[in-house]
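> Please work out how this folds:
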Amino acid sequence: FAARLRDLFRWEPLGIRSRADRDAKFNKLAADLFALQFKHNQLYREFCQARAVLPDAIEEWTDVPAIPASAFKEGDLTCLTAEERTRVFHSSGTTGQRPGRHYHSAASLAIYEASLWPWFRRHVLPGRRAPQDFELAVLTPPPALAPHSSLVHMFEVVRRELRAPGSAFLGRAAKDGSWLLDADGTVAGLRRVASGVRPAVLLGTAFSFVHLLENLAEQKLEFRLPAGSRLME
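Predicted coordinates:
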């Protein structure tokens, strides 16, 4: 099943001939995934049974019941046994709240990464440049300081694929777990990128860009990044 998911994310190995063909394959895969989750995820199965929706009644992927996001804070909504859970990502939330939890095994994390990089490269990186032709700046803490953030893990995959140095992460974590921007390090990084010729890829959350822009405004600084640079919020 994992191999089929990886193939779907790549598209080409599936032998897809048309949009209708692709949609039919996706619909079948979604129905199979629903049946798998229904069988192995007890809390989700009880949720579906309460709504009288069973796998053999699914005709379109839109028939699959969507469980409220808040449910991930109430119990372990996962098909993985406790022994299989090698990583857990937490949802962001108000201080003091119990975060939602999203568990991964090594295999499911590999699927996560397989779905991530091809689409990032296709939609964010311009033209036919090689990944190593870009400079990277990430406005979040590094993975070691935010081990339960799926977003930071995503940025780490991008960093790895771009073959960028670990110092590309320009954020830090406060004692309460909140994220802060290393203002001096970010300005130094932007100044270095702006003085070069390689396009920059600048990644961050909405608030990290707010903090960056406020800091630049206070210092009366602005930077013109090389042609082809990209920003993703």
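> contacts and neighbour counts: CA atoms only from here.
Fine.
> residue ranges with poor pLDDT in the chain?
For the chain, applying pLDDT under 70 flags the ranges 1-17, 93-97, 126.
> which residue ranges form the strands in it?
In the chain, the strands defined using DSSP state E lie at 87-90, 101-104, 135-138, 171-173, 179-181, 200-203, 230-232.
> Would you tell me which helix is longest in the chain?
helix 19-40 (DSSP state H).
> could you say what helices and strands that helix packs with?
On a contact count with 3 or more C-alpha pairs under 8 Å, 6 or more residues apart in numbering; DSSP states H and E, helix 19-40 meets helix 42-50.
> again, only this time at 10 Å
In terms of contacts (3 or more C-alpha pairs under 10 Å, 6 or more residues apart in numbering; DSSP states H and E), helix 19-40 is packed against helix 2-10, helix 42-50.
> Can you name the residues in contact with the last one?
To tie it back to what came earlier, the one meant is helix 42-50. Helix 42-50 has contacts (C-alpha atoms under 10 Å, 6 or more residues apart in numbering) with 34-35, 37-39, 51-55, 64-67, 71, 75-79.
> Restricted to buried residues, select these in ChimeraX.
Selection of buried members from these for ChimeraX, criterion 16 or more other C-alpha atoms under 10 Å:
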select :34,35,37,38,54,55,64,76,77,78,79
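> Helices - which of the contacts of helix 42-50 land there?
Among the contacts of helix 42-50, the members falling in helices (DSSP H) are 34-35, 37-39.
> For Pro165, state which of those residues is nearest.
Of all these, the one with the least separation from Pro165 (C-alpha to C-alpha) is Gln37, at 38.4 Å.
> Would you check how far apart the nearest residue in space to that closest one that is not next to it in sequence and Val193 are?
Excluding the flanking residues, the one nearest Gln37 by C-alpha to C-alpha, 6 or more residues apart in numbering is Cys79, at 6.4 Å. As defined by C-alpha to C-alpha, to the nearest Å, Cys79 lies at a distance of 44 Å from Val193.
> Could you do His123 as well?
22 Å.
> who's more crowded, those two?
Val193 (23 against 9; other C-alpha atoms under 10 Å).
> From the structure, what's the count of residues near Phe217?
For the record, residue 217 is Ala, not Phe. Every residue meeting other C-alpha under 10 Å relative to Ala217 is counted, giving 11.
> Could you check how many residues crowd around Gly100?
By other C-alpha under 10 Å, 20 other residues sit near Gly100.
> now swap in the one 3 residues further on and tell me
By the criterion of other C-alpha under 10 Å, Tyr103 has 20 neighbours.
> Likewise for the one 5 residues further on?
For Ser108, the neighbour count with other C-alpha under 10 Å is 16.
> could you list every residue that touches it?
Neighbours of Ser108 in contact, by C-alpha under 10 Å, 6+ apart: 2, 80, 85-87, 114.
> Columns neighbour count on top of these, output as CSV?
CSV is the format used below for these (neighbours: other C-alpha atoms under 10 Å):
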residue, neighbour count
Ala2, 11
Leu80, 16
Arg85, 16
Thr86, 14
Arg87, 15
Ala114, 18
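> Including distance to Ala200, could those residues go into JSON lines?
Formatted as JSON lines, those follow (distance: C-alpha to C-alpha, whole Å):
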{"residue": "Ala2", "distance to Ala200": "33"}
{"residue": "Leu80", "distance to Ala200": "39"}
{"residue": "Arg85", "distance to Ala200": "36"}
{"residue": "Thr86", "distance to Ala200": "33"}
{"residue": "Arg87", "distance to Ala200": "30"}
{"residue": "Ala114", "distance to Ala200": "23"}
